[in-house]
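>>> just the structure for this:
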Amino acid sequence: MTIDVYVPGRWYFKTPTNPEGQPLEDPWVFTNGVPIAPPGRLHVPLSRSGSPLDFTSAGVGFTPILSERVAAVFRDMALQDVQLFPVEVEGQTQPYFLLVVARTVRCIDDGASEGFRLWTPEQGRPEKVGQYRAVSGLRIDTTKVGDERVFRLWGLPSSLIVDGELKAALERAGIVGGRFVAV
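Numbering: from 1, shown residues only. I've put the predicted structure just below:
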């Protein structure tokens, strides 16, 4: 699941801040694929105003921000896999939620994917060595996925994977702003 950049007049968000507008210490904490402690009140400033969406990402961490309608689908179908934290979106009075996907699965299928590159020690990021730096034509090995409805990929935490039933429920809800790519 990713943002649909082709929605006409779509809005874009900056990285979430505290209510006083100060940057967060670690904007990537929301997309690491693990549960987190409640972050407290957060504000999501606009990068570009436009049409409100049900699903979009915020700032450098690509943090998913959901409308109440879409958050309800995740809450109903994948509560064991996610955390939802209320956020204040600039210029909006209706509720929005920051989505933390709290599960990671090691299931990238290297053989079925078109190609991949791994982080190496020479690239100066020791915490990433052995993880995926890039994957083209991403495919996953579904036999390595358990009962997760939504998860991040080990070694490629920027990817947000939803199962077919959750995808169908989001489509029935009429999600605007998100799109699905088969992996």
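>>> list the contacts for residue 133?
Each residue near residue 133 by Cβ atoms under 8 Å, 6 or more residues apart in numbering is listed here: 116, 117, 118, 119, 123. C-beta here means a position set from N, CA and C on the backbone, and glycine is covered the same way.
>>> any stretches of this structure with poor pLDDT?
By pLDDT under 70, the chain has no low-scoring segment.
>>> tell me what the longest helix that it contains is packed against?
Identified as the longest helix of the chain according to DSSP state H is helix 68-78. Counting contacts by 3 or more Cβ pairs under 8 Å, 6 or more residues apart in numbering; DSSP states H and E, helix 68-78 is packed against strand 82-89, strand 96-101, helix 164-172.
>>> now that helix - C-alpha only, CSV.
Extracted in CSV, the C-alpha atoms of helix 68-78 (Å, rounded to 0.1, in the frame of the first residue of the first chain):
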residue,chain,number,x,y,z
GLU,A,68,-11.3,8.2,10.9
ARG,A,69,-13.1,6.1,8.3
VAL,A,70,-9.9,4.3,7.2
ALA,A,71,-8.5,4.1,10.8
ALA,A,72,-11.8,2.3,11.7
VAL,A,73,-11.0,-0.4,9.1
PHE,A,74,-7.5,-1.0,10.5
ARG,A,75,-8.9,-1.0,14.0
ASP,A,76,-11.6,-3.5,13.1
MET,A,77,-9.5,-5.9,11.1
ALA,A,78,-5.9,-5.5,12.2
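>>> tell me the angle it makes with helix 164-172.
Orientation of helix 68-78 against helix 164-172 (axes from the mean of the first three to the mean of the last three Cα atoms, to 10 degrees) gives an angle of 160 degrees.
>>> ok, back up a step: tell me the most buried of the helices and strands packed on helix 68-78?
Comparing these by mean neighbour count (mean count of other Cβ atoms under 10 Å), strand 96-101 ranks first with a mean of 23.
>>> please name the strands paired to that one in the sheet, noting orientation.
Strand pairing for strand 96-101, determined by DSSP bridges: strand 63-67 (antiparallel), strand 82-89 (antiparallel).
>>> now render those strands as TSV, adding distance to residue 174.
TSV is the format used below for the strands paired with strand 96-101 (distance: least, Cβ to Cβ, whole Å):
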stretch	distance to residue 174
strand 63-67	10
strand 82-89	19
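>>> for residue 127, which of the helices and strands packed on helix 68-78 is the nearest?
Among the helices and strands packed on helix 68-78, strand 96-101 comes nearest to residue 127, with 19.8 Å by Cβ to Cβ.
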